[in-house]
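Trainee: Okay, here's the prediction I keep looking at, along with the sequence it came from:
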Amino acid sequence: MLDIESFSTENFSTAYRNIVAMCSAAARHENISFILEGTEKLIKEELVRCIWFGQHIEKKNLRTDDGLRLEILSPGWWNNEEGPDFKHAEFFLEGKGLIRGSVEIHVFASDWIHHKHENQKTYDAVCLHVVMWNDLKGRCVKNFSGKVIPQITLSLYLEAELDEIIETIDVGSYIGNKQVIPGYCNLEMRKQKITQQWIGGFLDYAGDERILQKAKKYEKWIENKPFERVLYEAIMESLGYKNNKKPFLMLASLVTAETIQSFVPEYTPAQEKKIIAQSLLLGMAGLLPLNEEETKRFDDETIQYFDRIFSTWQGIKPKIHQTPLTRESWSYTGIRPANFPDRRIVAIANILSEHLDNGLFRYILRIFQKRDDTKKNTRGFKSFVNEFLSPFLETHDAYWSYRYTPGGKKLNKPQKLLGKERTSNIFVNVIIPVMLVYARKHNDKALEERLHYIYRNYTPHPSTSVTKFMGTRIFGTSMVSNKVIHSARRQQGLYQLFKDFCENDTISCNKCALYAAMNKE
């Protein structure tokens, strides 16, 4: 068993990548057969099926791999029997018209050949081959009759980053009662009586690696942007996750914090700052009523609010020389009304308006730098967390805190514009990695140490399909998993391990770094 404690534990260490490198068989991505036949394939192929069935793709301008325009009408019915994955799918194909038939899903296009579907008459009914990646150099596959099957590569059209889609899809709701089989790591853990402390240490390192990878992403952003803008864009991206990530990022580039500040005169009252910020962001988002006439069907309070917003926007619009987004840019499908884009845009508008003078980044940085009591006791740590979360959780709006939609039914009690789960997600996945980049760029070791202390003591987020799967895979039961995964750091470690190994079809269970580390001499 690998001596986990022999690796560096200093702040955000690279111990995990060093461990993975030592387990070179996995790192080299050797072409090896599956040990638990079907288990690894289940999670990955099922995820691709979930992505297809849930249509987590940008549906405009779809094309098959040979360049034909494609319009999906129905992904089909999930087939739990032998044969193609989906039946009764419907789509329009350029030059062919309306097509109805079966759909077969694969991770790689070559899986069609590996599974010998071209020799199976059952798959002659397949009218569309859906793959995540085409590893056949753009070529399509043929059925038993020798007919070329139209093929689409999903990775070209995903609505968000694959990692983010995976984290949000509830695989369990799709695959029903299919049981997650404990992995080789669980079998080895019981065989060697490996302690929870050892497993926890491994996940700690994996959690550090996840933050380091996110920090690397933001480090590239900072090459040509100031920290203030990078933080703002990163938060906007997170607010749009998963359905509206792209339009939120586009909006952030159209309306920067500096843009808002340029339209706010000195000594402007706080409420007026909010109105200006909301007008700018909602206007450039294309989410304002088309004209004042459109608001007349609303109630008096809504009319009064939008009259003020609309008149402010009309005064600002001629001074902006960029084209706003349109209402069609935004997705409302599958989103809870409380999380609609309008409310999240208002939330960030209000937050920015409160920090125009010195900037949101500087405000957050000061919180990290001034608090020296985070390590002293639980009260000090909780006080810090509350101080950070408060600008996000306590942002209030006289209109939108009581409405989900423009002119919608007024709520009896105010609803938060940003919930605790979303705010915590921003804290872990945006604030910490951005601040880590700042700390290392300025050689601020005290700040990095504080960031790491907070990260390893921060409460984990609610479970997702991935963390539930990984908990069972490693620990066998959710009870043990919940006991070990007591921090955001370890929870993020589960995601990293899943991404690197459990999700990777080229690596079988006995070549995973966790399992290999258990057997390391």
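Mentor: Everything's here; your move. Because the structure is a prediction, the values reported are computed rather than measured.

Trainee: By mean pLDDT, which helix or strand of the chain comes out lowest?
Mentor: Among the helices and strands of the chain, helix 24-27 carries the lowest confidence by mean pLDDT, DSSP states H and E, at a mean of 44.

Trainee: quick one: low-confidence parts of the stretch 301-450 of the chain?
Mentor: Residues of the stretch 301-450 of the chain that meet the criterion pLDDT under 70 lie in 371-377.

Trainee: same thing with the chain?
Mentor: Residues of the chain meeting the criterion pLDDT under 70: 24-43, 80, 170-181, 290-294, 371-377, 504-508, 521.

Trainee: Packing partners of the longest strand anywhere in the chain?
Mentor: Ranked by residue count and defined by DSSP state E, the top strand of the chain is strand 97-108. With contacts taken as 3 or more Cβ pairs under 8 Å, 6 or more residues apart in numbering; DSSP states H and E, strand 97-108 sits against helix 39-53, strand 86-93, strand 126-133. To be clear about C-beta, it is placed using only N, CA and C from the backbone, and glycine gets the same treatment.

Trainee: what does the last one rub up against?
Mentor: Where contact means Cβ atoms under 8 Å, 6 or more residues apart in numbering, the residues beyond strand 126-133 that reach it are 48, 51-52, 84, 89, 91, 99-109, 111-112, 117, 140-141, 143, 149-155.

Trainee: switch the cut-off to 7 Å
Mentor: Residues outside strand 126-133 that contact it (Cβ atoms under 7 Å, 6 or more residues apart in numbering): 48, 52, 84, 89, 91, 99, 101-109, 112, 141, 143, 149-155.

Trainee: ok, and for that strand, which residues are buried?
Mentor: Using 16 or more other Cβ atoms under 10 Å as the burial criterion, the residues of strand 126-133 that qualify are 126-132.

Trainee: Checking L73 next. Helix, strand or coil?
Mentor: When classified by DSSP: H, G, I helix; E, B strand; the rest coil, L73 comes out as strand.

Trainee: show me the residues around it that make contact.
Mentor: Applying Cβ under 7 Å, 6+ apart, the residues contacting L73 are 90-92.

Trainee: about what we covered before: which among the helices and strands packed on strand 97-108 is found nearest to S238?
Mentor: Comparing those against S238 with Cβ to Cβ, the closest turns out to be helix 39-53 (20.6 Å).

Trainee: what's the domain layout of this protein?
Mentor: 58-158, 250-425 (automatic domain parsing).

Trainee: for Q151, which residues make a bridge with it?
Mentor: In this structure, Q151 has beta-bridge partners H129, where bridges are defined by DSSP bridges.

Trainee: Tell me which residue is most central in this protein.
Mentor: E164 (2.8 Å; Cα atoms, centre = their mean).

Trainee: you'd agree that one is up against K242?
Mentor: Yes - contact status for E164 versus K242: in contact at 5.2 Å, counting by Cβ atoms under 7 Å.

Trainee: closest to F498 out of the domains of the chain?
Mentor: domain 58-158 (15.2 Å).

Trainee: can you give me the end-to-end distance of that closest one?
Mentor: Its first and final residues considered, domain 58-158 spans 6 Å by Cα to Cα, to the nearest Å.

Trainee: Mind checking what secondary structure I345 has?
Mentor: The three-state label for I345, taken from three-state DSSP, comes out as helix.

Trainee: what's the answer for the one 5 residues further on, then?
Mentor: The three-state label given to N350 by three-state DSSP is helix.

Trainee: what's it in contact with, if anything?
Mentor: Applying Cβ under 7 Å, 6+ apart to N350 gives the contacts 274, 277, 395, 397.

Trainee: so which of those comes closest to R490?
Mentor: So of these, ranked by how close each gets to R490 (Cβ to Cβ), first place is T395, at 30.0 Å.

Trainee: circling back to that earlier point, now for the residue nearest to the centre of the chain: which residues touch it?
Mentor: Contacts were defined as Cβ under 7 Å, 6+ apart; by that measure E164 touches 241-242.

Trainee: and with 10 Å instead?
Mentor: With contacts defined as Cβ atoms under 10 Å, 6 or more residues apart in numbering, E164 is in contact with 56, 158, 237-238, 241-242, 245, 429.

Trainee: how close does it get to K511?
Mentor: Computed with Cβ to Cβ, to the nearest Å, the distance linking E164 and K511 is 26 Å.

Trainee: from the buried residues of strand 126-133, which two are the most distant?
Mentor: For the buried residues of strand 126-133, the maximum inter-member distance is 19.0 Å, found between C127 and M132 (Cβ to Cβ).

Trainee: Just the CA trace of the helix or strand harbouring R450, in CSV.
Mentor: Here R450 is covered by helix 445-457, with elements defined by DSSP states H and E. What follows is the C-alpha trace of helix 445-457 in CSV, where atoms were taken according to Å, rounded to 0.1, in the frame of the first residue of the first chain:
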residue,chain,number,x,y,z
LYS,A,445,1.6,32.2,1.0
ALA,A,446,-0.5,33.3,4.0
LEU,A,447,-3.5,33.8,1.6
GLU,A,448,-3.0,30.4,0.0
GLU,A,449,-2.7,28.7,3.4
ARG,A,450,-6.0,30.4,4.5
LEU,A,451,-7.7,29.4,1.3
HIS,A,452,-6.6,25.8,1.8
TYR,A,453,-7.8,25.7,5.4
ILE,A,454,-11.2,27.0,4.4
TYR,A,455,-11.4,24.5,1.5
ARG,A,456,-10.6,21.5,3.7
ASN,A,457,-13.1,22.5,6.4
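
Trainee: Give me the buried positions along it.
Mentor: Of the residues in helix 445-457, those with enough neighbours to count as buried (16+ other Cβ under 10 Å) are 447-448, 450-452, 454-457.

Trainee: among those residues, which two are most distant?
Mentor: The largest separation in the buried residues of helix 445-457, counting by Cβ to Cβ, is between L447 and N457 at 16.1 Å.

Trainee: can you give me the helices in the stretch 201-350 of the chain?
Mentor: According to DSSP state H, counting those that start in this stretch, the stretch 201-350 of the chain carries its helices in the segments 227-239, 245-254, 257-262, 270-285, 300-316, 341-353.

Trainee: between the ones you listed, which gets nearest to K60?
Mentor: Ranking the helices of the stretch 201-350 of the chain by their distance to K60 (criterion: Cβ to Cβ) puts helix 245-254 first, at 11.8 Å.

Trainee: List the buried residues for that closest one?
Mentor: Taking 16+ other Cβ under 10 Å as the basis for neighbour counts, the residues of helix 245-254 that come out buried are 245-252, 254.

Trainee: Nearest to S331 among these?
Mentor: Ranking these by separation from S331, with Cβ to Cβ as the measure, puts P247 on top at 8.2 Å.

Trainee: isn't the closest one right up against S331?
Mentor: Yes - with contact defined as Cβ atoms under 10 Å, P247 reaches S331; the gap is 8.2 Å.

Trainee: what touches both of the two?
Mentor: Both P247 and S331 are in contact with 240, 341, where contact means Cβ under 10 Å, 6+ apart.
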